[in-house]
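In: Any chance you can model this:
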Amino acid sequence: MTKKIKAVGFMKHLPITEKDSFIDIEIDQPVAKDHELLVEIDGISVNPVDTFVRRDGQDDASLSPKIIGWDAVGRVIGKGDEVRLFDIGDRVWYAGDFTKSGSNAAQQVIDERLVGLAPSNLSPSQAAAIPLVGLTAYEALFEQMRLPLKRNDGKVLLIINGAGGVGSIAIQLAKLAGLTIIATASKPASISWVKQLGADHIIDHHQDVVRQVRDLGYQYVDFCLNLNSLDLHFQAISELIKPDGHIVAIGENKNPIDLQLLKRKRASFSWEWMFSKSYYQTDEMVTQHGILTHLSDLYQADKLQVITQKTYSPINAQTMRQAHADIESGHTVGKITLIGWDEK
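Out: Got it, this is the predicted structure:
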C-alpha cells in the first residue's frame, strides 16, 4: 500500500478570506527517479508568486487538489539512480520547479540540479526564507547585469522596492560586491529594515523618484533592479539609467513598455524569472545548485543577514491562509515562513 503524507492544497482558486482557499489533505508519497531527490520538508515560505498562483489561476477539476509552494528546507530521505550531488541525510534547500507539485507538503521530489546544501547555522525558519529570493537576486545582479562579485566601487544601483524578499537579499549581495545602493521604501518599518540591510540611500517610490535621486547628487545610476510595478516606474527608470546601463525587472507589466526610451543611451533591459532554467530544462539548470551553495557559504561565514520576519507553526491550512493574507496585505517586510508538520 502506498504511504500517505500530509499536504496543504486547494480545489478552486479562491480569495484568501474563503475557508476553502486552503485545505488540509493527504497525498501519496512521491517517489524519486533519475536526478530527483525525495526531501522531507521542515520549513517553507510564502512568496508573492504563491498568492498570484492561488488567486488567479484557472480552475481545472482534473488537477485537483493543487499543491503550490516553492521555497523549502529539509533532509534527503530518498534519491534517484542518477543523483550524484547529494547523499541520504543531507540537509538541503531549494526554490522548486514551477511545473511540478509544490513544497506545501511533508515530502517532495525535486531535481538535484536545483538544490544546494543548506547552511548549518540557520534554523528551518531562517533557511526557508532564502532560496527563491536568493536565486532571483543573485541571477539578476550577477547573470543578467553581469556584475563581478567584487570591485564595483563607484557603481550605483537603484533598487525599486528594497524591503521585500528579493530586495532584502539584493541589497546585501550588492553591498558585498561593492556597489553604492539607492533603495526605495515608504513606510517606517520598511525604511528601518532597508537601512539595517545596508542601503546607502533610501528614497520613497511613491514620490518623484527622479527628483529624489538627483537630489542625492546622482544624475544617472549604472544599474536598476525593478521589483515593483514596471508600469509605474519605467519612465523614471529610463530617465535615470546611465548610457550603457542595465535595467532588470521581475514584475509583469500590464501595458507595453517603450524600449525606444533606452535607444539613445544604448541601455539594456532584461527580465529575471528564476524558474526559467527548470521550466525550459536548460543546460544551465545546475547553476542554481552552485548559486545556492554560494549563498549557503555566505551565511555560514556570517556575511548575510537572515530576513525572516514572521513564522507560523505548524504547517497546515489555517497557518497557510494567515501567511497568504499577510503577503496580500502589502505591509510585510522581509519574508514569512512556516515550519513543522503536526504529527497528529
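In: Now the element after the host helix or strand of Gln212, going C-ward?
Out: Element membership for Gln212, per DSSP states H and E: helix 209-215. Sequence order places strand 221-226 as the next helix or strand after helix 209-215, per DSSP H and E.
In: any idea how far the following helix or strand past that next one is from the chain center?
Out: Counting by DSSP H and E, the next helix or strand C-terminal to strand 221-226 is helix 230-240. From the chain centre to the centre of helix 230-240 is a distance of 23 Å (CA atoms, centre = their mean, to the nearest Å).
In: Going by contacts, tell me the helices and strands next to helix 230-240.
Out: With contacts defined as 3 or more CB pairs under 8 Å, 6 or more residues apart in numbering; DSSP states H and E, the packing partners of helix 230-240 are strand 156-160, helix 209-215, strand 221-226, strand 241-249. C-beta coordinates here come from the backbone N, C-alpha and C atoms, glycine included.
In: Rebuild the ones you listed as JSON lines, extending it with distance to Thr180 and mean pLDDT.
Out: Listed next are these as JSON lines, based on distance: least, CB to CB, whole Å; pLDDT from 0 to 100:
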{"stretch": "strand 156-160", "distance to Thr180": "5", "mean pLDDT": "98"}
{"stretch": "helix 209-215", "distance to Thr180": "12", "mean pLDDT": "98"}
{"stretch": "strand 221-226", "distance to Thr180": "9", "mean pLDDT": "98"}
{"stretch": "strand 241-249", "distance to Thr180": "13", "mean pLDDT": "98"}
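In: nearest to Ala137, of these?
Out: strand 221-226 (8.0 Å; CB to CB).
In: care to break this structure down by domain?
Out: Per automatic domain parsing, the structural domains of the chain span 4-129+307-339, 133-271.
In: these two touch, right, Asn228 and His205?
Out: Yes. Assessed by CB atoms under 8 Å, Asn228 is found in contact with His205 at 6.1 Å.
In: ok, these two, which is more surrounded?
Out: His205 (23 against 18; other CB atoms under 10 Å).
In: With respect to Gln281, which of the domains of the chain lies nearest?
Out: Short answer: domain 4-129+307-339, nearest of these by CB to CB, at 9.2 Å.
In: Could you count how many residues lie near the residue lying closest to Leu197 once chain neighbours are set aside?
Out: Spatial nearest neighbour of Leu197, chain neighbours left out: Ile171 (4.4 Å); criterion: CB to CB, 6 or more residues apart in numbering. Using other CB under 10 Å, Ile171 has 28 other residues around it.
In: from the middle of its chain, how far away would the helix or strand of the chain with the lowest mean pLDDT be?
Out: Ranking every helix and strand in the chain by mean pLDDT, DSSP states H and E puts helix 48-56 at the bottom, with a mean of 93. From the chain centre to the centre of helix 48-56 is a distance of 13 Å (CA atoms, centre = their mean).
In: With that, I have no additional questions.
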